[in-house]
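K.L.:
sequence and predicted model, in that order:
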Amino acid sequence: MTIDELVLLLKASQATGLTTLQELILRSSWEGKTYTNIASEAHYDEERVKKIAAHLWQVLSNFCKEPIHKSNFRQTLENHPQSEAHQQLIKEFNRAATAISLEFPTGPVSLNSRFYIPRPPIEELAYAEMAEPGSVICIKAPKKMGKSSLVLRLLAHANKQGFQTVTLDFQQADKAVFASLDKFLRWFCVNVSRELQLEPKLNDYWNEDMGSKVSCSVYFQKYLLSALSSPLVLVLNEVDWVFEYQEIIGELLPLVRSRHEQAKRVEIWQKLRLVLVYSTEIIVPIKLTQSPFNIGLTINLPPFTKEQVQDLAQRHGLDWTDGKDADSLMAMVGGNPYLVRLALYHLVGKGGLKGDLGQLLQQAPTEGGIYNECLRQYVLALRDEPELGDAFYEVINTTNYVKLEPRLADKLQSIGLINLEGDRSTPTCALYRLYFQQYLKKSEHFNNTQFDIKLITKSRD
C-alpha cells in the first residue's frame, strides 16, 4: 500500500474524513520526520501533534489487526495489501467525490486536484535538486505532457521552504523584445524585478562599455540577489520560444551555465535556483561546454504507465483493476496525460458517452469524436507550415519508422505528434495516425492552401 492509497482509504472510511493536519502527520511520518519537525512545519504545538498521531495509530491498528505506531508505520503499511472491503470503500468514495469535483482537463492540474498523478521519482528528485545551492533543473517534454503541472508543484514546494519564486514565460514577450540581446536582457531583468516587487534600477547597473551580459550579471548579483534574504527559484518557461533567435539563445544559454558554475565559488549566486522548461531540443549551434542542458538535473517527462492510467481511472470512480479498459484506451492514445484524462472526463460525466469506452474509442479518430478540437489545432499547425505537414505525412504512412531532417523531427516532437528514438520518427499514438490518414483522403478539406494540394496529390500517388 502506498501513502496515497492509505490517505484515500482513511478519507473513505472515516465518517469525518481526514483533517489537513491529520493528513500532514501521516505523510510526514511516512517520510520519517519527527514530531518536532512536523509540529514546526504545521505551526502546531508538539503535544497536539502527538495526541492526533496517537489516535491515527489506533485507527490504523484496528484496520490492520496488529499494533501500529510511528516507528513501524511505513514498514507495516507498505507490506499490507488492501482487502476487498477496503477497495470497495475507495471505489465508492471516488465515485461520490468525482461527481462533485469533476474538472475539465485544461491547463495545469491545480494543487488541490485529486487528478494529479505523480510520476515517481521525478517530483522527489526535483525537490531535492531545488534545495541545492545554485542548482539548475531542465524539464523537457512535448506539449500537454504535464510540464506546467509539475512546475506548479515545484513552486508550491519552494514557497513552503520559504524561497522566493518568479516565473517568466518567454512566449508572452513582445516580438520587439527579441530585436537584440541588449533589449532582451533588459526586458528579462525588468520583469524579474517586477515579480519580486522591487523597483527596476537598470540605469544604475547597466554599462554600455561592459556589455549587456556583464550588466545583466551585475544587476542580479549586486541588486536583485543582494536584496533577498532567501533563495530565488526562477522558472524560465517556454525556453524553446527563444530558439528561433540565434543571436539571443546563443548568448543566453552560455550565460545560464556560467552563473551555475559561478555559484561554486561566489556565494551570492548560490541563492539562484533555475528551472528551464522547454519542449524541443535546441536547434542552433552551441558547444556542449556552453549548454545548461547537460548540467544539474534533466527531467524528461514520460507518458503515463498502465498503472498510472488505472490510478487516474480509479480517481474518476471507474473500476479498471483488470487492466482491459486501460489497455484499450492506451492502444488509441498511448500514455498521453491530457488525452487519457479527457477520455476519463467524458466517460464519467459527459452525455451519451458516459461509461461507453467502446463508443468513445470508435469515434476518437473522427470529427465527431471527443478529440476533434485538439486534432483540429494540429491541422492548423500543419497548414501553417507545409514543410512540417509533408514530414508528418511521411511518418503516418510508413509501416515502420522514418528518418526526418532533425529540424522537422524536433518540431513535430515538440508539438506532440511524433516520438523520437535516436533519428527514428513514429507517430505518438494510433489516434494521430488514424485521424490524419482519414483526414488526408477527404479532398473537400483541402481546397484553400498549397499545403492541402500537396497532401491530396501525395495521397492519390
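P.N.:
Noted; the coordinates are in hand. Residues are numbered from 1 along each chain as shown.
K.L.:
show me the helices in the stretch 101-250 of the chain, by range?
P.N.:
All helices of the stretch 101-250 of the chain, identified by DSSP state H, counting those that start in this stretch, fall at 122-130, 147-160, 181-195, 202-205, 212-218, 246-262.
K.L.:
buried sites along the fourth one?
P.N.:
Neighbour-count burial for helix 202-205, counted by 16 or more other Cβ atoms under 10 Å, picks out Tyr205. In short, each C-beta sits where N, CA and C put it, glycine included.
K.L.:
which neighbouring elements make contact with it?
P.N.:
Judged by 3 or more Cβ pairs under 8 Å, 6 or more residues apart in numbering; DSSP states H and E, helix 202-205 is in contact with helix 181-195.
K.L.:
if we go to 10 Å?
P.N.:
Here helix 202-205 touches helix 181-195, helix 212-218, going by 3 or more Cβ pairs under 10 Å, 6 or more residues apart in numbering; DSSP states H and E.
K.L.:
select, out of those helices, the one closest to Leu347.
P.N.:
helix 181-195 (40.1 Å; Cβ to Cβ).
K.L.:
in that closest one, what counts as buried?
P.N.:
Leu181, Asp182, Phe184, Leu185, Arg186, Trp187, Phe188, Cys189, Asn191, Val192, Ser193.
K.L.:
nearest to Glu31, of these?
P.N.:
Closest approach between the buried residues of helix 181-195 and Glu31, by Cβ to Cβ: Val192, at 32.8 Å.
K.L.:
for the nearest residue to the closest one once chain neighbours are set aside, give me its contacts.
P.N.:
Computed as Cβ to Cβ, 6 or more residues apart in numbering, the closest residue to Val192 that is not its neighbour in sequence is Val166, at 5.5 Å. By Cβ atoms under 10 Å, 6 or more residues apart in numbering, the contact set of Val166 is 155, 191-196, 224, 232-236.
K.L.:
circling back to that earlier point, as CSV, the helices and strands packed on helix 202-205 with mean pLDDT and distance to Glu47 would be great.
P.N.:
Compiled in CSV, the helices and strands packed on helix 202-205 are given as follows (pLDDT from 0 to 100; distance: least, Cβ to Cβ, whole Å):
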stretch, mean pLDDT, distance to Glu47
helix 181-195, 97, 40
helix 212-218, 96, 50
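K.L.:
go through those and name the closest to Ile122.
P.N.:
Proximity to Ile122 (Cβ to Cβ) singles out helix 181-195 among the helices and strands packed on helix 202-205, at 25.7 Å.
K.L.:
burial count for the nearest residue to Tyr116 once chain neighbours are set aside?
P.N.:
Once flanking residues are discounted, Tyr116 sits nearest to Val109: 4.4 Å by Cβ to Cβ, 6+ apart. The number of residues packed near Val109 is 21, by other Cβ atoms under 10 Å.
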